[in-house]
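Chemist: Here's a sequence, model it:
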Amino acid sequence: MIATQALLVWLTVGATDGSVRLQLADCVPAPDLVYDLVGIEIGTGRLTDGDARVVVRTECTDQLLRIFVSNDRALGDRVVQDITERRIAREDVRTGGGARLVALNIVELINDASYVEERRAFVAPPTAPSVGAPVSATVSRPLDVLVSAAPTIRVMPGATPVAFGARARVALDFDGWTVALDGGFAQSDGTVDVGAVRTRLVSGAAVLGRSKNLAARLDGLVSAGIRGGWVWVYGRSESDTVATRGGSGPWFGPRVGARIRYGSRVGVALGVEGGWTASGVFGDADGERAGLYGGWFGAELAIEGRWGGE
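Modeler: Now for the predicted structure:
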């Protein structure tokens, strides 16, 4: 009975009074304050810069601050890595209470890690195959959904060189990749020697891109895809000697683009795009082409919302 009680006391003391070392990444705000707050909660005597029973590590990704404890242990002839972790959105860390939020999660993680150590003292490891490779845990960047709306401008050759319009976009951002769909409309008016020409078009695009965090709250994207839709071309003249007609049809072509975005949950994005009309619709205005053909260059300035994170 006395021996059993002594064992339980030893396990409790080991789980709660074991030494702790903090490894704080550069993205952790006010690291000295975090260190002090953790010390107040668990006891400053437990914190050490040397060997420790529990090592709390932190790691920064584009969207998250990871706080984790990892331990290698033998499982038969294999090496298994046990990971206990917590995640905090980077935008929450940047707020005024970011240091206290980080310290609170570290303290809770230390308690969780102590529980794992206590449980491991009572549970015997299962048998494992005689030969095996080390097992490690990986953490993927969470899926983000981005929705935006933007006015657009498009420059193209011919009698109607500048088109103004608007566009909406939905994108999925995950592990540095972006898949996006967008749709919109534009209209351009121009004049020729014999009258005027109006070009209207609706378009949609499917895009695959590679995204990267450039700085705090600043992301960049390069992408490629295809854009297409339907175009209408109308001619108009006040001269009785000029016959005018209109026409319409499908169009499409490859496109490449680049985009930068600043903000967190709500941001502002500036995008540029260039492409080539592989199949278009155009007419002849007394020797001058009018409609949609050849290359184009476009730009947009968008307001965008982001949902996702943990």
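Chemist: Okay, and the beta partners of the residue nearest to residue 236 when sequence neighbours are not counted?
Modeler: Nearest non-adjacent residue to residue 236, counting by Cβ to Cβ, 6 or more residues apart in numbering: residue 196, 4.8 Å away. C-beta coordinates here come from the backbone N, C-alpha and C atoms, glycine included. In this structure, residue 196 bridges to residue 191, residue 236 when assessed by DSSP bridges.
Chemist: and residue 196, what pLDDT?
Modeler: Note on residue 196: pLDDT of 85.
Chemist: List the buried residues for stretch 247-262?
Modeler: 251-253, 255, 257, 259, 261 (16 or more other Cβ atoms under 10 Å).
Chemist: what residues are up against the residue most central in space within the chain?
Modeler: By Cα atoms, centre = their mean, the chain has its centre lying nearest to residue 173, at 4.3 Å. Shown in contact with residue 173 (Cβ atoms under 8 Å, 6 or more residues apart in numbering): 143-146, 211, 306, 308.
Chemist: just residue 266 next, same as before
Modeler: Counting by Cβ under 8 Å, 6+ apart, residue 266 touches 303-306.
Chemist: Lowest-confidence entry in those?
Modeler: Where pLDDT dips furthest among the contacts of residue 266: residue 306, at 91.
Chemist: wouldn't that residue be in contact with residue 146 here?
Modeler: Yes - with contacts counted by Cβ atoms under 8 Å, residue 306 reaches residue 146, the gap being 5.1 Å.
Chemist: ChimeraX command for the buried members of the contacts of residue 173?
Modeler: Here is the ChimeraX command that selects the buried residues among those (16+ other Cβ under 10 Å):
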select :144,146,211,306,308
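Chemist: Just the ones in strands from the contacts of residue 173, please.
Modeler: Among the contacts of residue 173, the residues falling in strands (DSSP state E) are 144-146, 211, 306.
Chemist: Make CSV from those and add distance to residue 27 to it.
Modeler: Shown next, in CSV, are these (distance: Cβ to Cβ, whole Å):
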residue, distance to residue 27
144, 18
145, 24
146, 22
211, 19
306, 19
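Chemist: Next, give me the two most distant ones among these.
Modeler: Spatially, the most separated pair among the ones in strands among the contacts of residue 173 is 145 and 211, at 13.6 Å (Cβ to Cβ).
Chemist: Please report phi then psi for the nearest residue to residue 30 once chain neighbours are set aside.
Modeler: Nearest non-adjacent residue to residue 30, counting by Cβ to Cβ, 6+ apart: residue 99, 4.1 Å away. With angles defined as degrees, to the nearest 10, residue 99 sits at phi -60, psi -40.
Chemist: Alright, calling it a day.
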